[in-house]
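A.B. asks: predicted coordinates and the sequence they were generated for:
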Amino acid sequence: MSTARTAAVVGAAGGVGATRLCVEAGALLAAAGEDVLVLDVAHATQGLSTYVDARLDPDATALLTDPSVAVTDAAYGLDAPGDGALDLAPAHASLTRSAEALTPDAGERVGERLAEATERYDHVLVDTPPLLTNPAVGAATAADRVVAVTVADDRGADALARERGRFADVGVEASVVVANRATPDALPDADVAVPETALGSESEAPAVTPADPDDYTRAVASLLGALFAVDELVDDAAPGFLAGLRRRLS
C-alpha cells in the first residue's frame, strides 16, 4: 500500500486547468471520507482564491513568509459531498507580499508546510505553476508525488517537454502525466486523460459526483489511484449521466 500523501500538481503552462483539477481531485477524496487540503503556490495567478467566498487573511503567501501563521489559519473550507473535509489555502496577496513569498527561503518553507499539513490532513494537493519559481521547485521536490498537467495539442506537448527538462534540473520525475480536457490517447505521453467537464467556469462547484459518476469523475479517480493507490472512489457499476450532474448544479 502506498504511503504517499502529498502531490504537487504542476501545470506545464498557464491555463491548462491544474487548479480546477486540484479542487476536483480533493472533492473526490473528501467524498470518500478523506480530509484534504489544496495548497496554492501559484502566487502569480491566484486562481484558487476564486473558489473561496471569504476574506482571505491570512492567505497562502503568509505561510511562506510568517512562521507564526499555522497552515490551518490559512485554510478555508469548501462544501464537498461526503464525510471528509475539503480545505483550500489560496494565495490572495499584494504584489509586495507575493514577491516576499518567492524568495529561496520561502521555497524551502514549502516542504516544512507540507509536513505540518500532513499532521492535520490525510492528503495535500499543491496547486503548482511551471517550475520557474522557488515555491514551485519547493513543492515539486518536497511532495511525495509530482503530477504534470498539460493539454493535448502542440502547445501542450511542447510545454510538457520543457517541464520535464525542469523536473530533471531539480532531480524529480513526473509520477503521472495528465492530458487535461482531452480524449483518451490524444497525447501519447499521458498516463491519464481527463475529459472536459461541460460545466463552464473554473470557479463553479466541483463537478465530481461519486454516486453517479461520469467520465470526468472516473478519470479523476484514475489519477488519484495512480498517485495514492486509493480505489473504490467511484462505483464501477454506477452509470454516468452528465444530465444528472447538470440537474444537481442547476
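C.D. replies: Received the coordinates, thanks. Because the structure is a prediction, the values reported are computed rather than measured.

A.B. asks: go ahead and confirm residue 175 touches residue 143.
C.D. replies: No: Residue 175 is beyond contact range of residue 143, at 9.2 Å (criterion: C-beta atoms under 8 Å). (C-beta placed from N, C-alpha, C; glycine too.)

A.B. asks: comparing the two, which residue is more hemmed in?
C.D. replies: residue 143 (27 against 17; other C-beta atoms under 10 Å).

A.B. asks: SS state for residue 148?
C.D. replies: strand (DSSP: H, G, I helix; E, B strand; the rest coil).

A.B. asks: and residue 134, how far is that from residue 21?
C.D. replies: Going from residue 134 to residue 21 by C-beta to C-beta, to the nearest Å gives 23 Å.

A.B. asks: so what sits against both of residue 175 and residue 143?
C.D. replies: Residues touching both residue 175 and residue 143 by C-beta atoms under 8 Å, 6 or more residues apart in numbering: residue 7.

A.B. asks: what about the longest helix in this structure?
C.D. replies: helix 154-170 (DSSP state H).

A.B. asks: quick one: residues in contact with that helix.
C.D. replies: Residues contacting helix 154-170 (C-beta under 8 Å, 6+ apart): 10, 12-13, 16, 130-132, 137, 140-141, 146, 148, 150, 173-174, 177, 179, 187, 189.

A.B. asks: filter those down to the buried ones.
C.D. replies: Buried by 16 or more other C-beta atoms under 10 Å: 10, 12-13, 16, 130-131, 137, 140-141, 146, 148, 150, 174, 177, 179, 187, out of the contacts of helix 154-170.
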